[in-house]
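Undergrad: next comes the sequence, and after it the predicted model I'd like to discuss.
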Amino acid sequence: MNREEMKKYKEMKKYLENKTKEVYKTYNLKKKDYMFYLSKNNMFYSIMFLMSNNIIKVSFYAKPLWIDDILWDILNMSENKKAPISLRSVGAFTINSQIKINEYNVENEKEIDNIINSSFNDLLELSNICDEDYYLKNYTNISYQKEMIYTIVLIHNKEYEKALDFLNNTKINNFISNNKCFSDLAIEYINKIQ
């Protein structure tokens, strides 16, 4: 990338940042750091824009509110449930439930405008389609944090023996707390609530 291309890229990246901040409220969305989100019907939806060179990646997330609640109970962080809802989008100890990624090549600001508006519309559409039932039918398609999500869904469904069997055969090393990984903490949690 030459100096001129680098300058253009930086300008377009800044434009994307400024334009999303300018537009998101017209879609009745909220913003925390780099995430735009909404919550309705006990679900949480969010979107993130990432630009690298002339490519914009738009990531969409959706999850039931109880998924973070159960995670926080497992991690002995139940007080997080009282935190502002935005914690569910940017918190270090949350479930990252990515539903899809769209990728676009952009050459100018008008294309960026179109991507922002169509992406915010897509997020609103996702919030109308992806309810808890839809999520529970499709969560196995989520690749990141797949084992944790699976475990939490089993706990939510009160399938404790199945969850214990899974955890005893799968080491999930995410979210270390007090020298214990997620698997260890989840087994303790299930044994405590049974």
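TA: That came through fine.
Undergrad: work out which residue lies at the spatial centre of this protein.
TA: residue 96 (3.7 Å; C-alpha atoms, centre = their mean).
Undergrad: can you confirm that one is in a helix?
TA: No. Read with DSSP: H, G, I helix; E, B strand; the rest coil, residue 96 is coil and lies in no helix.
Undergrad: isn't residue 170 up against residue 147?
TA: Yes. Judged on C-beta atoms under 8 Å, residue 170 makes contact with residue 147 at a distance of 5.7 Å. From N, CA and C alone the C-beta is placed, and that goes for glycine too.
Undergrad: out of the two, which sits in the busier spot?
TA: Legend: neighbour count by other C-beta atoms under 10 Å for residue 170 and residue 147, higher for residue 147 (16 against 12).
Undergrad: let me know the pLDDT of that one.
TA: In this model, residue 147 is scored at 95, pLDDT.
Undergrad: quick check: which element contains it?
TA: Per DSSP states H and E, residue 147 falls inside helix 146-156.
Undergrad: tilt between the very next helix or strand once past that helix and helix 146-156?
TA: Using DSSP H and E, the next helix or strand after helix 146-156 towards the C-terminus is helix 160-169. Interaxial angle of helix 160-169 relative to helix 146-156 (axes from the mean of the first three to the mean of the last three C-alpha atoms, to 10 degrees): 160 degrees.
Undergrad: please enumerate the helices of this structure.
TA: 3-23, 65-74, 87-90, 109-129, 132-138, 146-156, 160-169, 182-193 (DSSP state H).
Undergrad: so can I have JSON lines of these showing distance to residue 52?
TA: Shown next, in JSON lines, are these (distance: least, C-beta to C-beta, whole Å):
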{"stretch": "helix 3-23", "distance to residue 52": "9"}
{"stretch": "helix 65-74", "distance to residue 52": "29"}
{"stretch": "helix 87-90", "distance to residue 52": "20"}
{"stretch": "helix 109-129", "distance to residue 52": "14"}
{"stretch": "helix 132-138", "distance to residue 52": "28"}
{"stretch": "helix 146-156", "distance to residue 52": "25"}
{"stretch": "helix 160-169", "distance to residue 52": "36"}
{"stretch": "helix 182-193", "distance to residue 52": "30"}
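Undergrad: related to what we said a few turns ago, hmm, who's touching the helix holding residue 147?
TA: With C-beta atoms under 8 Å, 6 or more residues apart in numbering as the test, helix 146-156 has contacts from 66-67, 70-71, 74, 95, 97, 136, 139-140, 142, 160, 162-163, 166-167, 170, 172, 174-175, 182, 186, 189-190.
Undergrad: could I have the buried ones of those as ChimeraX selection syntax?
TA: This is how ChimeraX selects the buried members of those, with burial counted by 16 or more other C-beta atoms under 10 Å:
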select :66,67,70,71,74,95,97,139,142,163,166,167,172,175,182,186,189,190
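Undergrad: how many residues are close by residue 194?
TA: Neighbours of residue 194 (other C-beta under 10 Å): 9.
Undergrad: got the contact list for it?
TA: Residues counted as contacts of residue 194 (C-beta under 8 Å, 6+ apart) are residue 160.
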